[in-house]
Every structure is written in C-alpha cells, then in structure tokens.
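In: with the input below, show me the fold.
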Amino acid sequence: MVDRKVCLAEREQIMVRALLLERVRNIGIIAHIDAGKTTVTELILYHTGRIYKVGQVDEGTAVMDWMEQERERGITITAAATSCEWAGHQINIIDTPGHVDFTAEVERSLRVIDGGVVVFDALAGVEPQSETVWRQADSYRVPRICFVNKMDRVGADYFATVQMIKDRLRANPVPLQMPLGAEASFKGVIDLVEEKAWVFPEGPDAEPEEVPIPEEYKDAAAHYREKLIEQVAENDEALMGAYVEGEAIAAPEIKAALRRATLSTRVVPVLCGSAVKSKGIQPMLDAVVDYLPSPLDVPPVQGIDPRTGKESFREASDEAPFSALAFKIVSDPFVGRLVYLRVYSGVARTSSQVLNTARERKERLGRLLQMHANRRDEVDEISCGQIAAAVGLKSTFTGDTICDPAKPIILEAITFPEPVISVAIEPRTKADQDRIGDALNKLADEDPTFKSRYEQDTGQTILSGMGELHIDIIVDRLVREHKVNAKIGKPQVAYKETITIPVRAEGNFVRQTGGHGQYGHVWLELGPMEQGGGFEFVNKIPGGVIPKQYIPAVEQGVREAMESGVLAGYPIIDVRVTLCDGRYQRFDSSELAFKMGGSMALREAVRKAKPILLEPIMKLEVATPKEFLGDIISDLNARRARVEAVELRVWTHIIRCFLPLAESFGYATDLRSISQGRATYSMEFHHYQEVPKEQAGQISAKVRG
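Out: Numbers count the residues shown, from 1 in each chain. Model (predicted):
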C-alpha cells in the first residue's frame, strides 16, 4: 500500500512539472535597428510588474540596454536575457540587437528560443535587417508573431506592412487586429478574433478599455475577420471542415486552429500598436501566451551520442537526463565568467558535476543565476525549459553541450559568419602590452565573430569583426573595461583568395642532415567549391602508400598553407583538397615532413589553379527624399555599386543595391553631406565576389610593398 502511494505521489509530481513546463514561453524580440525592440521589451517588463518605471532608450535608461556603449549610442549591442510573468505563464525573454554588425547575437539567441516576436516599423515596413533575422528564424524553424510598432507616426500603414511581410519575406501573415485610427489619431485596436475593440488611454498606467466596434469600422472588421478565418482554415484541417460546411466558428476554435498553424510555422499572426505610447502591449502579451510554443510544443532536441556516433534525442522533461547548450559567455566584473545556458532536458543543481561533451571534460556547476539584464538572482537549480547563467564552467565556450556524465549527448553547435573587416592595433606601453592578450581572449570568448591575431613581421595585433561599429565597440571596451590604451589603424577589408580551375600538384620535402633525414612526398588534387563551401579535405590514398598516422599531418600542413594565399597573402577559401598519392621512407619520414609536403603541394597547386582575389560585397539600402535621389545614385555608381531597384515607400525612395565593402568606408559622412542629413541607410554583408582585375592588381602590389 505504501509503494502504491509513493507511485501516485511521484506521478502527481511529474504531472505538476509538465503543467508548469506548459506554462513557459522562451521568446526572442527581434527586428531591424530602430524598429522599437528594446522599447517593446521595456513595456512588457513594466506591464508584467518586473520593473516599476519605463526606461527610455534615447535617455540611456532602458533596463535591457545596460552597457555604457549601448546607453551612449542608443542601440542594443548585446543580447540581454530576463524573465517575467503574464496570465500565469513564465515568459523568458531575450532582447536582441538590430544592427547587422551584431548579427551573431541574434543567431545564438534564435538557436535557443522557442518562439519569436518580430517588431516592424509601421512607416518603414520590412527593412534589410528584418529580412536577415527572418531568414535566421526560418533556418531554426522558430514560430513567430509580428508586432507592427509606431502606429502613431505620420505615414504609418499597417496593411502595407502586412503586404510587405508577405511579398518580401515570403511569409503567410494573418492580421489578428486592425487599427482604430491612424497616425496621430491612433487610439486602439479591433480584435478580429474576439470581435471587440480595445482603446488605450494615454499613459503606461492606464488600463485598456474594452468597447464595442465603432459603427464605421464594422464592415471592414467583418471583411478582415472572414479573411482571417479563411487563411487559418487553409492551413488547419480541423477548421477546414467547419469552414467548408459554413458553420459558425467561435473564437476559441479560431484560437486553437491559429495556435496549431503558428506552431507549424504555416502562418504568422500580426498585431499592431505603439510601444512608446504604451498601446497594444497587453494584447501582444496575450498572443505570446496563446500562440507561441512552450518547451513541450517543440520537437525533442536532437544530438549525437559521442559513445556510438548515432542520433540521440532528449525529451523536454525534468525526468529526462540533463542536457543544456551554452550559447553566450560574459565576463562579469563582480562574479567572473558567466556561461548562459538553455536547458533542454532534466534538472541540474548547484555544485553538481556535468560533462562538456564538446571538449570531453568534466566540470562542476558553481552558482546558478536567473538573469535580469545585468542583474541576477541566485537559484538552487535549473530545470527543463529554463534560460539561466552558471558560474564555474571554466572550459565551456559558446556552442558547447553540457550534460549528465552518465548519459552524454552532443547538441548541434551554433555557426557564425566570418569577419569582413580588420584594423591594426598597437599597445602604447609595456603595461598595455601585458594586458592586451588577456583582454582580447575574454572578448573573443564573449563574441565568436570577433577574432584577433598577432603579426610577427609588423609587431601589430590585428582585430577582425563584422563592421566598423563592431570594431569601434571592441576598441572602446578594451579601453574602458580592460584599461588597455592603444593606437588604432585604419579599417582594412578582409579579402579572400580562391581558385578557379582543378589542378594537380606535388609537394616533396626532403632534408638530409647527420643521422636520420626528413622525407615527405605527396600529390594533391585541388578543385574549386561553390561559394560558401569552405574547405574539404578528402583522403583517397590507396592502402599502404602512406602510413595512416601521416595523413592528419598532411591535412594540417594544407590548412596552415591556406591561411596565407599566393596573390596577396589573404586566406584561401572554397577549395576541395584531395590527397591522391605519395611516397614515404621507412626511416626518414615523419609527421613534420608530411606536414611540410602538404603545405608545399598546396601552394604549388594554388599558383597553377588561376587564383583570384575575392572581396566582401555588402547589401545596402538607402532611404532618401526624392530631391536627393539622383545625387545619391551617382555617388553609389562612383563607388562601384550595383543598383538593383528603386522603390517608392510613402514619401521616401528606397535604393536597394550591392556595394563593395572597400568602397563603403566613410559612406555615413558622405551620405549625410549629400542629403543634408535627411537620408538614412543600413548595410549588411551579403557575399564574396571577384575583385575587378585593376583593383586586384593594386591590392596585390600594395601588400607586396
């Protein structure tokens, strides 16, 4: 009888935990820069009682923008995590940057969230970074809802933005609301699902007022509600039958069908409001609870069992073995190195031992912290579905998996783009020289898109990042946080080299000294890969021609040789290298000899393979009044830009083009001068492209001195 009671108690506890997990929402707030993400997040925290005063981005008082650099510039630089409660649900939020230079912050946030709120500017509509984050969310199959912000601005157009979401993002947006009023007269929203209206009085403390749909809006509301039901029915079989039969469909049925269609990413609910005026935030929070997934709605996380190499899965349950992904590293001046974790299964407690399967090392969890931007609350345990931070994981880095040592698993890591811009930096004093190494290592731990290397020939340290702003922030943090004073050079483009034809070449390393010599002889075949293919090493050596222990040395030599190309010393990319033949001598061959042979063969092959220089091409979008259109296009043509389209959006012309990064330096100042400060632009890396022969010759000559 006692055993039966114990079983019932355990079963009841499991059911309670599952119910609690169903009430968790892990969401990211994502958008283009200046669309209002951080303001939306501030209002969410205010209305959920997490904060008691609404911070202002422009005044540098926003809770989520806690870094000095964020408050000075009025932009989000690093993804900040927090949590709040709404309608009995725990909402874990990651507020992400909108500037393209910090796209890695968005990438790693999307890897660990279950749902997203995409914020759009009602005047600008779908902007370039909106497209980028949308593609990133698509790649991770993240269900989303959209919030069309700034409905009180002159020129705001809700339905034009919905159409842009459909056309430019190839999505299936479903408006759940229509605005009451427009621009300065915007006062509320009509809920098309519930068939009622909400009016938002001025001030963040005023409660929304439910009112009947005004007479002049009834026909339009009925029309859009019918379209809503039709769209949802097309993407949900359960609702389709009732719709075809012409049955009356109640709001709960619509919500249930809408949730199913949203979780499968077949539709995207769209809402509207004005965050700065505190209008539309509460219905948006209701939509987060109603339509975005809990950890139970997400498929079991997939990984690899390192013991067998086979696929392994983890159910979203506290009863499953513990597994978590480290997605962010922060050096906190008060508590030390913080590792942000998303827990996918199981429970871990303070001081418990975990296994880092990526590095095959056991570590011990120190303090566990629930983060609220840069503030933290200590907790005793972290459970399934939680986003938290841990102290004490000294060997864990971004993308590593930590798990139960008895049940190991390796979760899919996070991939990041390569840097496209570099600057040289020289410490001013010996003390600065001593500090810079440790400082750069800490910054590289935090930011996977930042890289640094030391040039022996020049005595300079080279910093590489995603753009001028990215490098500016890194240098600013070096000075402020790490007290490193240094001279900074001008930005340099991160060119690449590649080959255009397949070739075959040999590398024969022979050195004879007293005693044993050095002998390593290899034949390599090189072939170009498609853009973005990276590097692939293939071993096709017939058995016994070269001993197996020398093959990794050949690959190492090839990889090291690819770091410096033959045209101008830039890294070689998008090449497939096949080891096809070779020779060895029993007494004179060594790993060093075969490493050198591989390096020599690679360089010889690249010289014969008609190498070319590649430059980063940026996707540029310029918004300008009509009177400056001609001058701006002329300036872009002089910069080797390729104009793809010119669109009219309200009173603004949008120029969409591709611009070589080398021609973009100083563009902000020139554009401001041409347009009297009235034009704006956004730019992001798009692809690598061959440098025209004239420019390539100049670059090579400059590098060679």
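
In: okay, now the unreliable bits of the stretch 301-450 of the chain?
Out: Across the stretch 301-450 of the chain, the ranges flagged by pLDDT under 70 are 373-374.

In: next one: the chain
Out: In the chain, residues with pLDDT under 70: 1-19, 55-78, 98-101, 373-374, 456-459, 513-516, 650, 704-705.

In: state which strand of it is the longest.
Out: strand 612-624 (DSSP state E).

In: run the chain-centre distance for it.
Out: Distance of strand 612-624 from its chain centroid, counting by C-alpha atoms, centre = their mean, to the nearest Å, is 20 Å.

In: CA atoms only: put that strand into PDB for me.
Out: Taking Å, rounded to 0.1, in the frame of the first residue of the first chain, the C-alpha atoms of strand 612-624 are listed here in PDB:
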ATOM      1  CA  ILE A 612      41.600  35.200 -57.900                       C
ATOM      2  CA  LEU A 613      41.000  37.700 -55.200                       C
ATOM      3  CA  LEU A 614      37.600  38.000 -53.600                       C
ATOM      4  CA  GLU A 615      36.100  41.000 -51.800                       C
ATOM      5  CA  PRO A 616      33.100  41.200 -49.400                       C
ATOM      6  CA  ILE A 617      30.000  42.700 -51.000                       C
ATOM      7  CA  MET A 618      27.500  44.500 -48.800                       C
ATOM      8  CA  LYS A 619      23.800  44.600 -49.300                       C
ATOM      9  CA  LEU A 620      22.900  48.300 -48.900                       C
ATOM     10  CA  GLU A 621      19.500  50.000 -48.600                       C
ATOM     11  CA  VAL A 622      19.300  53.800 -48.700                       C
ATOM     12  CA  ALA A 623      16.100  55.700 -47.700                       C
ATOM     13  CA  THR A 624      16.000  59.300 -49.100                       C
END
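
In: pull out the buried positions in the helix or strand just after it.
Out: Using DSSP states H and E, the helix or strand that follows strand 612-624 in sequence is helix 629-638. Residues L629, I632, I633, D635, L636 are the ones in helix 629-638 that count as buried (16 or more other C-beta atoms under 10 Å). Where you see a C-beta, it was placed from the backbone N, CA and C, and this is true even at glycine.

In: after helix 629-638, next one along is what?
Out: strand 642-649.

In: give the partner strands of that next one in its sheet and their orientations.
Out: Using DSSP bridges, the strands paired with strand 642-649 in its sheet are strand 652-660 (antiparallel).

In: so the strand it pairs with versus strand 612-624, what angle?
Out: 170 degrees (axes from the mean of the first three to the mean of the last three C-alpha atoms, to 10 degrees).

In: got the contact list for strand 652-660?
Out: For strand 652-660, the external contacting residues (C-beta atoms under 8 Å, 6 or more residues apart in numbering) are 615-626, 629, 632-633, 636, 639-648, 667, 683, 686, 689.

In: against which helices or strands is the helix or strand just after it packed?
Out: Sequence-wise, the next helix or strand downstream of strand 652-660 (DSSP H and E) is helix 667-674. With contacts defined as 3 or more C-beta pairs under 8 Å, 6 or more residues apart in numbering; DSSP states H and E, the packing partners of helix 667-674 are helix 629-638, strand 680-690.

In: which one of these lies nearest to P143?
Out: In terms of C-beta to C-beta, the element of the helices and strands packed on helix 667-674 nearest to P143 is strand 680-690, at 24.3 Å.

In: list the buried residues of that closest one.
Out: T680, Y681, S682, M683, E684, F685, H686, Y688.

In: of all the residues you listed, which comes closest to R364?
Out: Closest to R364 out of the buried residues of strand 680-690 is F685 (39.6 Å), distances taken as C-beta to C-beta.

In: looks like the closest one contacts V420 (just checking).
Out: Yes - the pair F685 and V420 passes the contact test of C-beta atoms under 8 Å, sitting 5.3 Å apart.

In: now do the shared contacts for these two.
Out: Residues within reach of F685 and of V420 at once, by C-beta under 8 Å, 6+ apart, are M466, G467, P616, L661.

In: buried ones among those?
Out: Of the shared contacts of F685 and V420, these count as buried by 16+ other C-beta under 10 Å: M466, G467, P616, L661.

In: in contact with the last one, which residues?
Out: Meaning L661. L661 touches V420, I421, V493, E615, P616, I617, M618, F685, counting by C-beta under 8 Å, 6+ apart.

In: V354: which of the helices and strands packed on helix 667-674 is closest?
Out: Going by C-beta to C-beta, the one of the helices and strands packed on helix 667-674 nearest V354 is strand 680-690, 35.9 Å.

In: that closest one pairs with which strands, parallel or anti?
Out: Assessed with DSSP bridges, strand 680-690 is paired to strand 612-624 (antiparallel).

In: quick revisit: now distance to A182 too, for the buried ones among the shared contacts of F685 and V420, in CSV please.
Out: Converted to CSV, these look like this (distance: C-beta to C-beta, whole Å):
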residue, distance to A182
M466, 38
G467, 36
P616, 41
L661, 40
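
In: ok, so of those, who is nearest H372?
Out: Closest to H372, out of all of the buried ones among the shared contacts of F685 and V420 and judged by C-beta to C-beta, is M466, at 27.6 Å.

In: and for V244, the neighbour number?
Out: By other C-beta atoms under 10 Å, 9 other residues sit near V244.

In: that should have said D152, apologies.
Out: D152 has 21 nearby residues by other C-beta under 10 Å.

In: wait, isn't it in contact with A275?
Out: No - checked against C-beta under 8 Å, the pair D152 and A275 is beyond contact range at 10.0 Å.

In: what is in contact with these two at once?
Out: With C-beta under 8 Å, 6+ apart, D152 and A275 have no common neighbours.

In: now distance to G115 too, for the buried residues of helix 629-638, in TSV please.
Out: Shown next, in TSV, are those (distance: C-beta to C-beta, whole Å):
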residue	distance to G115
L629	40
I632	39
I633	41
D635	42
L636	38
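
In: out of these, which is nearest to G532?
Out: L636 (25.8 Å).

In: quick check: that closest one vs V142, distance?
Out: 34 Å (C-beta to C-beta, to the nearest Å).

In: tell me where the stretch 301-450 of the chain has helices.
Out: Along the stretch 301-450 of the chain, the stretches classed as helices by DSSP state H, counting those that start in this stretch are 430-446.

In: just the stretch 151-300 of the chain next, same as before
Out: 158-169, 218-234, 237-244, 251-263, 281-291.

In: looking at these, which is buried most?
Out: Highest mean neighbour count of the helices of the stretch 151-300 of the chain: helix 281-291, a mean of 21 (counted as mean count of other C-beta atoms under 10 Å).

In: tell me what it is packed against?
Out: Judged by 3+ C-beta pairs under 8 Å, 6+ apart, helix 281-291 is in contact with strand 24-31, helix 37-47, strand 80-86, strand 89-95, strand 115-121, strand 144-149, helix 251-263, strand 268-272.

In: at 6 Å what do you get?
Out: Packing partners of helix 281-291 (3 or more C-beta pairs under 6 Å, 6 or more residues apart in numbering; DSSP states H and E): strand 144-149, helix 251-263, strand 268-272.

In: of all those, which one is nearest S351?
Out: helix 251-263 (37.1 Å).

In: turn the helices of the stretch 151-300 of the chain into TSV, including distance to A444.
Out: Compiled in TSV, the helices of the stretch 151-300 of the chain are given as follows (distance: least, C-beta to C-beta, whole Å):
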stretch	distance to A444
helix 158-169	33
helix 218-234	46
helix 237-244	50
helix 251-263	37
helix 281-291	35
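
In: what's the closest of those to R559?
Out: Here helix 158-169 is closest among the helices of the stretch 151-300 of the chain (C-beta to C-beta), at 38.3 Å.
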